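Participant: Next one to model:
(2 chains)
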Amino acid sequence: MTDQLGALTTIFTEFYYWVTVVLMFLIHVGFCMYEVGASRYKHHQHTLMKNTMLIPLVTVTWFFFGWWIYWAFPTGPGLAPSIMNESAALITDESTFSAKWYLPNTEFMAINLNDHISGVFWAAFLLFSWTAASIVSGAIIERITTFAFGILAIAIGSVFWTIDAAWGWHFDGWMLKLLGYHDAYASGVIHAIAGGFALGVLMVLGPRIGKFSSSGEPRNIGPRNPWLVTIGLFLIYTGFWGFYAACNIPIFDLGPEYGMEGVTYWTATNIYVTPTTLSGITMNFLMSLSGGLLAGYVIAKGDPFWTYSSGLAGVICASAGNDLYHPIQAMIIGMIGVVIAYKLHYWVERKFKIDDAVGAVAVHGYAGVVGLIICGFVLNGYPSSGYSVGAMWDGSTYASINPLGQFLGAIIMFVVLGLIPGYVIAKILNGMGKLRIPREVEIAGLDYEMMESAKGDEKAVSSATR
Amino acid sequence: MATVTNWIDHLSAKEVVGAVYPGAGSSETLLVILGVVIWIGWHVLTNKSESEELSRLARKKHGANDHKSNITDW
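Facilitator: Numbering: from 1, shown residues only, chains lettered A, B, ... in the order given. Have a look, this model is predicted:
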């Protein structure tokens, strides 16, 4: 960096993503608090450790292969040619955005004085990965083994979500070109896929003991500590600010990027490199959060657990198009998503005896799917990519955003990359006898021995005289 | 092991070499192999200890409320 303006732009971008990473860390803090608050006393410590250990497991596998998948898979492979090398194969050539540079043994996967961006961008995406895995974690508390959850967390966090990001988030993704897929703040690429994955796992894992009566009526279990749940959800909201900012590119000159001769247009863009503003998405974030809270309070009759979750579901539902919506559109979409997700949650629970302990499938999965579909109607006709009008894409044009493309995109996210892999991997783990903890342990509590040991320590200390 | 021994020489070169970590250009693949072994090894070790812990606890057949006698007051 020898030019001062170029250096400022680069260092600003590096710092911008770094801040988003720190903010997004709060999402995980929030998820941990939320899960512990929702679980029963006798399972607390194992519940906490299960969610905590996904951090190192997803991080190291994201380093080994997750990040490489994102850059290698935009073409499918085999579904649509890349705008960089016009090949539909995996992108592993010498081009600038090739996966080749992100193999774990390359010099760009480390401190590199010539690259100030790759590391923070890697980290921002990694925090998305944690979120995807953590969404699954909450649904399956109190009965899954830590070993099984570790495998499932790696699968969703370092494999399947990164494939969907390559397909539907990468500027060269085949879903943009063929379907006109648009998902600016991850209604589908994080939330629908993680909700679908959780549902697939739940179908195999089964409900907690006592969740359903002998006649099949569901019983309410918890949350044990609503205050911890409250703080957890507030922290998730807070971290979500970082998530939104991380989905943007903070400063970019679209003129030369789009091949517009003589045009200079500096702006923030979304992940698809189409223009938006951090200012506008901040309004939409708050309005969709408000829509979710308003609808949740009414439909859940003031239940705090569901009202807070509905705030989150409102944001998730509007996220697909929050780069372009009017704030009141964002609010109404958030409200619609909450009503559908809430109703679907209880219908699925009764009909299929699915025990989603924290409503994760509803809040993330159903709200995400609804958000994608609504986006197809509200943003119908908008370009899914700026590259369709520019020099970088000279094949057939990118499809514009449309209802059918968004519907198919929702199916791909929730079912193809979410539910099916979750179900299959859980089946395999179950077949190995590794998925679910023994019935006796579930009844006694995962923390029984830790608690017994702590009680022993307490007695010893309280009877000590020196 | 040091990749850089003089920053002035390093940064005034016609093309500055970006990778400055110890063993740059020669140790990366070995480090990745080591990392993968640690990662897989962790799963093996923790799976074994978790299985033992769960089996031991399952054999004791505690009741659903037995843990309440172990709630500490400190």
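
Participant: if I pick the residue nearest the centre of chain A, what's in contact with it?
Facilitator: Geometric centre of chain A, nearest residue: residue A:190, 2.9 Å, by CA atoms, centre = their mean. The contact partners of residue A:190, by CB atoms under 8 Å, 6 or more residues apart in numbering or on different chains, come to A:128, A:131-132, A:135, A:161, A:364, A:368. Placement of C-beta: from N, CA and C, glycine included.

Participant: Just read off the phi/psi values of the residue in chain B sticking out farthest from the centre.
Facilitator: Residue farthest from the centre of chain B, counting by CA atoms, centre = their mean, is residue B:14 at 38.3 Å. Dihedral pair for residue B:14: phi -60, psi -40, per degrees, to the nearest 10.

Participant: Please apply the same query to the one 5 residues further on.
Facilitator: Here is the backbone geometry of residue B:19 (degrees, to the nearest 10): phi -80, psi 120.

Participant: residues in the stretch 301-450 of chain A within reach of chain B, list them.
Facilitator: A:434, A:437-441, A:443-445, A:447-449 (CB under 8 Å from any CB of the partner chain).

Participant: how about a cut-off of 7 Å?
Facilitator: A:437-438, A:440-441, A:443-445, A:448-449 (CB under 7 Å from any CB of the partner chain).

Participant: Residues of the stretch 51-200 of chain A that sit close to chain B?
Facilitator: A:60, A:64, A:104-105, A:107, A:110-115, A:145-147, A:150.

Participant: Show me the residues you listed that map onto helices.
Facilitator: A:60, A:146-147, A:150 (DSSP state H).

Participant: Quick check: phi and psi on residue A:266?
Facilitator: With angles defined as degrees, to the nearest 10, residue A:266 sits at phi -80, psi 130.

Participant: what helix or strand does residue A:29 sit in?
Facilitator: helix A:4-38 (DSSP states H and E).

Participant: just checking, what packs against that helix?
Facilitator: Helices and strands touching helix A:4-38, as assessed by 3 or more CB pairs under 7 Å, 6 or more residues apart in numbering or on different chains; DSSP states H and E, comprise helix A:44-61, helix A:118-139, helix A:226-246, strand A:249-253.

Participant: Residues contacting the shortest one, please?
Facilitator: Outside of strand A:249-253, the residues within contact range by CB atoms under 7 Å, 6 or more residues apart in numbering or on different chains are A:9, A:12-13, A:16, A:264-269, A:273.

Participant: and the residues you listed, which are buried?
Facilitator: Among the contacts of strand A:249-253, the ones that count as buried by 16 or more other CB atoms under 10 Å in any protein chain shown are A:9, A:13, A:16, A:268-269, A:273.

Participant: Please look at residue A:70 and residue A:165 and confirm they touch.
Facilitator: Yes. Using CB atoms under 7 Å, residue A:70 is in contact with residue A:165, at 5.5 Å.

Participant: Just tell me which of the helices and strands packed on helix A:4-38 ends up closest to residue A:30.
Facilitator: Nearest to residue A:30 among the helices and strands packed on helix A:4-38 is helix A:226-246; the distance by CB to CB comes to 3.2 Å.

Participant: what helices or strands is the closest one leaning on?
Facilitator: Partner elements for helix A:226-246 (3+ CB pairs under 7 Å, 6+ apart): helix A:4-38, helix A:278-299, helix A:304-318.

Participant: Could you say which of these is packed most deeply?
Facilitator: helix A:304-318 (a mean of 29; mean count of other CB atoms under 10 Å in any protein chain shown).

Participant: and that helix with helix A:4-38, angle?
Facilitator: 150 degrees (axes from the mean of the first three to the mean of the last three CA atoms, to 10 degrees).

Participant: pLDDT of helix A:304-318, averaged?
Facilitator: Mean pLDDT, helix A:304-318: 96.

Participant: Where do the helices of the stretch 351-466 of chain A begin and end?
Facilitator: In the stretch 351-466 of chain A, the segments counted as helices under DSSP state H, counting those that start in this stretch are A:360, A:367-378, A:403-411, A:420-431, A:439-444, A:448-462.

Participant: any chance of these in JSON lines, with distance to residue A:91 too?
Facilitator: Shown next, in JSON lines, are these (distance: least, CB to CB, whole Å):
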{"stretch": "helix A:360", "distance to residue A:91": "33"}
{"stretch": "helix A:367-378", "distance to residue A:91": "25"}
{"stretch": "helix A:403-411", "distance to residue A:91": "21"}
{"stretch": "helix A:420-431", "distance to residue A:91": "22"}
{"stretch": "helix A:439-444", "distance to residue A:91": "46"}
{"stretch": "helix A:448-462", "distance to residue A:91": "48"}
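
Participant: For these, state which one has the densest average packing.
Facilitator: Scoring the helices of the stretch 351-466 of chain A by mean count of other CB under 10 Å, the most buried comes out as helix A:360, with a mean of 29.

Participant: That helix packs against which elements?
Facilitator: On a contact count with 3+ CB pairs under 7 Å, 6+ apart, helix A:360 meets helix A:118-139.

Participant: model confidence over the helix it packs on, on average?
Facilitator: Averaged across helix A:118-139, the pLDDT comes to 97.

Participant: Relative to the whole chain's centre, how far out is that helix?
Facilitator: From the chain centre to the centre of helix A:118-139 is a distance of 7 Å (CA atoms, centre = their mean, to the nearest Å).

Participant: Tell me which residues touch residue A:212, please.
Facilitator: The contact partners of residue A:212, by CB under 7 Å, 6+ apart, come to A:218-219, A:353.

Participant: my bad, residue A:369
Facilitator: A:192, A:410, A:414.

Participant: the bottom helix or strand of chain B by mean pLDDT?
Facilitator: helix B:7-11 (a mean of 94; mean pLDDT, DSSP states H and E).

Participant: check whether that one contacts chain A.
Facilitator: No. Helix B:7-11 lies apart from chain A when judged by CB under 7 Å from any CB; the minimum separation is 8.2 Å.

Participant: For that helix, list the C-alpha coordinates in PDB.
Facilitator: In PDB, the C-alpha atoms belonging to helix B:7-11 read as follows (Å, rounded to 0.1, in the frame of the first residue of the first chain):
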ATOM      1  CA  TRP B   7      12.600  -5.100   8.700                       C
ATOM      2  CA  ILE B   8      14.300  -2.300   6.800                       C
ATOM      3  CA  ASP B   9      15.700  -4.700   4.200                       C
ATOM      4  CA  HIS B  10      12.400  -6.600   4.100                       C
ATOM      5  CA  LEU B  11      10.200  -3.500   3.500                       C
END
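
Participant: mind listing what's buried in the helix or strand following it?
Facilitator: Note on helix B:7-11: by DSSP H and E, the next helix or strand toward the C-terminus is helix B:28-60. Across helix B:28-60, burial judged by 16+ other CB under 10 Å covers B:28, B:32, B:39, B:47, B:50, B:53-54, B:57-58.

Participant: out of those residues, which touch chain A?
Facilitator: Checking those against chain A (CB under 7 Å from any CB), the matches are B:28, B:32, B:39, B:47, B:50, B:54, B:57-58.

Participant: Same list as before, these that is, but in JSON lines and with distance to residue A:315 and pLDDT included.
Facilitator: What follows is those, written out as JSON lines (distance: CB to CB, whole Å; pLDDT from 0 to 100):
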{"residue": "B:28", "distance to residue A:315": "40", "pLDDT": "97"}
{"residue": "B:32", "distance to residue A:315": "38", "pLDDT": "98"}
{"residue": "B:39", "distance to residue A:315": "34", "pLDDT": "98"}
{"residue": "B:47", "distance to residue A:315": "37", "pLDDT": "98"}
{"residue": "B:50", "distance to residue A:315": "36", "pLDDT": "97"}
{"residue": "B:54", "distance to residue A:315": "38", "pLDDT": "97"}
{"residue": "B:57", "distance to residue A:315": "40", "pLDDT": "97"}
{"residue": "B:58", "distance to residue A:315": "42", "pLDDT": "97"}
